[in-house]
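> sequence and computational prediction follow.
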Amino acid sequence: MTTVAAPPSAPRLPRTRRPVLVVGIAVIALLVAAVLSVAVGAALLSPAQVWAGLTGSGTDQSVAIVRDLRIPRTLLGALVGVALGVAGALMQGHTRNPLADPGLLGVSAGAGFLLVIAIQFVGITSLYGTVWFAFAGAALASCLVFALASLGGSRSGGPTPVTLALAGVAVSELLIATTAALVLRDTSSLDAYRFWSAGALDDRGSAAALRIALFVLAGLVLAAANAPALNVLALGEDTARGLGRHVGRARAVGIAAITLLAGSAVAVTGPISFVGLVAPHVARYFTGPDHRWLLPVAGLGGGVLVLVADVVGRLVVRPGELQVGIVLAVVGAPFFIALVRRRKPARL
């Protein structure tokens, strides 16, 4: 009896090939968005003028626009987007809440509260003076949320996803209400807070990115270290303990990373919504729930979202500009609704 050989099957790709491909595509998308951010703006420049301004061989106007305005703005937008995207993925992972974003930890509310305190009671009005107060407010609010959540947390003394969410909402609402009461007493505080709360990248300069770069880098290192623990925590706290994970320590590292990433971004640009909410969902659709790949793709996707929204804001009301926070709020909500309706969100 003769046997018929089975047709050879197609070779199976290694399991890491697709996530690596997704990361590569995300990097290319961020580079394309950065090129658009440098090339497109309220001032009309041809590609030749942009290149001349980039190399320093153009007119004084083109060099000033490209080197002094657009490049620093692009770097800041990419840095802020990466920070918010990774912070959002961490927040959704630690709270197991698909609607969580960095603002749920009280980061934005704490930054706004101490920023108003600095203007109204300390007399600091410059951006580079208030940014440190805003960052300190974000850090203090996060610590307060973590402490309150730990009071009613798990048996190990750490916070649970539910207590984190409840404490975050309570602290955020308290700080928002207090900030509103303060800004109504002083016109200068109201004007500064209103400009900051719109979420903007313009008029920040190259020093803004340098001021937060070390904080963002430290947050990314902590996020990378926290990724394996997040994968285990997704199985449940009891299972994580059984596998040798210290749940309280993992939560603390995650909260520290979120505070550094979101706090530094919000302190400079104001509360830019939507990025930390949607970027992780889009990344999760392509990478799956493995946070070792989810975090970098969410960060790269966040950078793309911020830069593209900033470019749109420069074009829709030319020769004026629309703040990136407003563009993301207007465009992001319908996009997120469509995303949820068309694709079943991945289970956290």
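Now that the structure is in, tell me what you want to look at.
> and His94, what does it touch?
By C-beta atoms under 8 Å, 6 or more residues apart in numbering, His94 lies in contact with Pro161, Leu164, Leu230, Leu233, Arg251, Gly254, Ile255, Ile258. (C-beta placed from N, C-alpha, C; glycine too.)
> list just the nearest of those to Ala198.
If you rank these by distance to Ala198 using C-beta to C-beta, Ile258 comes first, at 22.7 Å.
> wait, isn't that closest one in contact with Gly85?
No. With the criterion set as C-beta atoms under 8 Å, Ile258 and Gly85 do not qualify as a contacting pair; they are 11.9 Å apart.
> compare those two (neighbour count), which wins?
Neighbour comparison, Ile258 and Gly85: the larger count goes to Gly85, with 34 against 30 (by other C-beta atoms under 10 Å).
> tell me which element that one is part of?
According to DSSP states H and E, Gly85 maps onto helix 71-95.
> so how far is the following helix or strand past that helix from its chain's centroid?
Scanning the chain past helix 71-95 towards its C-terminal end, the next helix or strand to appear is helix 107-117 (assignment: DSSP H and E). Here helix 107-117 is found 17 Å from its chain centre; the criterion is C-alpha atoms, centre = their mean, to the nearest Å.
> dump helix 107-117 to PDB, keeping only the CA atoms.
What follows is helix 107-117, C-alpha atoms only, in PDB (Å, rounded to 0.1, in the frame of the first residue of the first chain):
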ATOM      1  CA  VAL A 107      -2.800  63.700  38.200                       C
ATOM      2  CA  SER A 108      -4.500  66.500  36.200                       C
ATOM      3  CA  ALA A 109      -6.600  67.700  39.200                       C
ATOM      4  CA  GLY A 110      -3.500  67.800  41.400                       C
ATOM      5  CA  ALA A 111      -1.400  69.700  38.900                       C
ATOM      6  CA  GLY A 112      -4.100  72.300  38.300                       C
ATOM      7  CA  PHE A 113      -4.700  72.800  42.000                       C
ATOM      8  CA  LEU A 114      -1.000  73.500  42.900                       C
ATOM      9  CA  LEU A 115      -0.600  75.600  39.700                       C
ATOM     10  CA  VAL A 116      -3.400  77.900  40.900                       C
ATOM     11  CA  ILE A 117      -1.800  78.000  44.400                       C
END
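> give me the contact list for it.
Identification of contacts with helix 107-117 by C-beta under 8 Å, 6+ apart yields 87, 102-103, 130, 133-142, 144, 171-173, 175-176, 178-179, 182-183, 189, 192-193, 196-197, 258-259, 262-263, 266-267, 271.
> show me which of these are buried.
When neighbours are counted using 16 or more other C-beta atoms under 10 Å, the contacts of helix 107-117 contain these buried positions: 87, 102-103, 130, 133-142, 144, 171-172, 175-176, 179, 182-183, 189, 192-193, 196-197, 258-259, 262-263, 266-267, 271.
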